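Starting from these lines, generate the structure:
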Amino acid sequence: MALSTVPIESILATIVAVLFAVAGVVNLAGRGAVKRDFARWGYPAWFHLLCGALELLCAALLFGHQTRVLGLMLAGAIMIGALFTLVRNREPFQHLAPALIFSALVVATVALRG
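Numbering: from 1, shown residues only. Sure, this is the predicted structure:
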């Protein structure tokens, strides 16, 4: 299929899926900063594993055309939780900006589904 015939929604969904896959791997790896942030936000030690697993599930759902709506719903729920956490903990804008970009991409993908 030529790129010109690929719907922009599919391209955006793939970008969002890749971003969530990367975020999932980072959270599952749980390197120093990840564990420190989750602890600072008051979450239990295992919570980064749950978040990482949900992010990977979200990515997998987004890659499938028939499961994309579920993936977008999960992505939206994840981003609501992330934004709530960041705002509640008064994180600086440089920490909030990536979550806002992720959220905007999710919203744009939903909007383009028509």
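
tell me the centre residue of this structure?
Phe20 (4.3 Å; CA atoms, centre = their mean).

in what helix or strand does Phe20 lie?
Assessed by DSSP states H and E, Phe20 sits inside helix 8-29.

what packs against that helix?
The contact analysis (3 or more CB pairs under 8 Å, 6 or more residues apart in numbering; DSSP states H and E) places helix 8-29 against helix 47-63, helix 68-88, helix 93-112. C-beta: built from backbone N, CA, C; applies to glycine.

Show me what that helix is in contact with.
34, 48-49, 51-56, 58-60, 62-63, 65, 68, 71-72, 75, 78, 102, 105-106, 108-109, 112-114 (CB atoms under 8 Å, 6 or more residues apart in numbering).

Just the buried subset of those, please.
34, 48, 51-52, 54-56, 58-60, 62-63, 68, 71-72, 75, 78, 102, 105-106, 108-109 (16 or more other CB atoms under 10 Å).

now the helix holding Phe20 against helix 47-63, angle please.
160 degrees (axes from the mean of the first three to the mean of the last three CA atoms, to 10 degrees).
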